[in-house]
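J.: Build me a model from this:
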Amino acid sequence: MEENSEFEQIEADSLMNNIGHSIDDQEKDMDTRSELKFDEYKESEEETVKRREIEKALQTNSFSLNVWKKFAVQKHGLINDELRRKIWPLLLEVDTDLTEVVPSLEELSTHKEYDQVVLDVNRSLKRFPPGIPYKQRLALQDQLTILILRVIMKYPDLRYYQGYHDVAITFLLVVGEVVAFRIMEVLSTEHLRECMEPTMEKTSYRLNYIYAMIQNADKQLHDYMDRAGVGTMFALPWFLTWFGHSLNQYKDVVRLYDFFLASPPLMPLYVAAALVIYRRKEILYEPCDMASIHCLLSQIPDNLDFEQILISAAKYYKSYPPERLEKDVKKRIQRELDQRKKEERLRNARNRKPNDNWIRIHNYVPHWLMLHYRNKYGILFATATVLIGIYAYLKATEKDFSLFK
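T.: Below is the predicted model:
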């Protein structure tokens, strides 16, 4: 994952000393959404037309969930954060009117994940609005820490993972802490559920769907990457953070979030596969080795046509739904398991100690002898006894035959 610059790290260390400090009520209740101006860019004519269509739909308030999903999935998504603030909760059907007592940062500081959450929040400076006032940024960091800890405390079976904060901050910035908590509740118990288990076993398993999709959609590319031994680690932050950690442009992040909120839970994997296939020429141009291709894929360029990537992802989901890919995924995992066992056997053979020869002798000595000879000297003695007995038998036989001469 991308590291902070030296300046950012120094600033983060400074902020870490302050994030646990109490802030006055005015700062605590500060509306952080108003400072979020990442998306200040000129609308295209298409976007303007769609924005007006969405605004009209909101005014009439007579549209179904499928209509909101259609707006979110189609080209340009939900256009801007003002509309996202209203439609994201509708997509997940969360109740935005409910209120409950929000615990203080001090009350949450006893949680076992507190230190790790604070550390990760302080590393996420690039996700904050540029030029945000220092006090407001502190308030925002506190809100993010509280948001995360509230979810994992309310659902003790869920485990925080590094990258979860990248998802949480996106919703915090767009909809504010109250609605963000409702949204993160739904996502944590549904879409991100497997990522929040005690181990990453299921998450690692899911990442293999990317190869299964590429194998069906572009076998040449699949075989090239497979031969290079690229693996799936390049896509881990994509899946865990819904690409939030890996993209530099905020507008790309929220566009993908529009798409994911209106799609089935495994759609991020399909977007990952579509992104890889979109960059096939770059990949095939690289040497066929793990380091080169992994390095290429780990960095996502700013100029990708995400609208085309999302169209491809939707097409792949329709053509290769998860249940159809399951067989290919199991084959791939079994093949990797067999390969690891083979490598382990070869490694053990190379590292075998001389004493291992006694184990091989043990396999050929009769069991009744081994009952009496439990150590290597006993085995040697037993083997010698058998050999002497055979020798004596042969000599006796030779003597008997001499009588007929």
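J.: Confidence-wise, which helix or strand of this protein is lowest on average?
T.: The helix or strand of the chain with the poorest confidence is helix 6-19; it has a mean of 36 (mean pLDDT, DSSP states H and E).
J.: State the pLDDT value of N80.
T.: pLDDT, N80: 96.
J.: ok, now how distant is it from Y161?
T.: Note on N80: its distance to Y161, by C-beta to C-beta, to the nearest Å, is 30 Å. No exception for glycine: its C-beta is placed from N, CA and C like everyone else's.
J.: Helices along the stretch 151-300 of the chain, start to end?
T.: 164-189, 201-217, 219-228, 236-241, 250-261, 267-278, 280-285, 290-298 (DSSP state H, counting those that start in this stretch).
J.: Show me the chain divided up by domain.
T.: Domain assignment for the chain, taken from automatic domain parsing, gives 6-39+80-196, 201-345, 356-402.
J.: Now tabulate those in TSV and tack on mean neighbour count and distance to Q59.
T.: As requested, those are exported to TSV (neighbours: other C-beta atoms under 10 Å; distance: least, C-beta to C-beta, whole Å):
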stretch	mean neighbour count	distance to Q59
domain 6-39+80-196	17	11
domain 201-345	18	20
domain 356-402	11	80
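J.: Can you check which of the ones you listed gets nearest to A57?
T.: Smallest distance to A57 across the domains of the chain (C-beta to C-beta): 9.1 Å, for domain 6-39+80-196.
J.: quick one: the closest one to chain centroid distance?
T.: In terms of C-alpha atoms, centre = their mean, to the nearest Å, the centre of domain 6-39+80-196 is set 19 Å apart from its chain centre.
J.: So what does Y320 look like in phi/psi?
T.: Y320 adopts backbone torsions of phi -130, psi 70, taken as degrees, to the nearest 10.
J.: For it, list the residues it contacts.
T.: The contact partners of Y320, by C-beta atoms under 8 Å, 6 or more residues apart in numbering, come to A212, M213, N216, A217.
J.: Report pLDDT for it.
T.: Note on Y320: pLDDT of 97.
J.: same question, P130
T.: Confidence score, pLDDT, at P130: 73.
J.: so it, which of the three states?
T.: coil (DSSP: H, G, I helix; E, B strand; the rest coil).
J.: now it: how far from Y250?
T.: In terms of C-beta to C-beta, P130 sits 10 Å off from Y250.
J.: likewise K126?
T.: Distance, K126 to Y250, by C-beta to C-beta: 10 Å.
J.: Any regions of the stretch 251-400 of the chain where pLDDT drops low?
T.: Within the stretch 251-400 of the chain, the stretches with pLDDT under 70 are 353-400.
J.: Strands along that one, start to end?
T.: Along the stretch 251-400 of the chain, no segments are classed as strands by DSSP state E, counting those that start in this stretch.
J.: on that earlier part again, between the contacts of Y320, which sits nearest L266?
T.: When the contacts of Y320 are compared for distance to L266 (C-beta to C-beta), M213 wins out at 10.4 Å.
J.: Which residue, other than its chain neighbours, is closest to that closest one?
T.: Counting by C-beta to C-beta, 6 or more residues apart in numbering, M213 lies nearest to A273, which is 4.0 Å off, once chain neighbours are set aside.
J.: so that neighbour sits right up against I214, yeah?
T.: Yes: if you go by C-beta atoms under 8 Å, A273 and I214 touch, sitting 5.4 Å apart.
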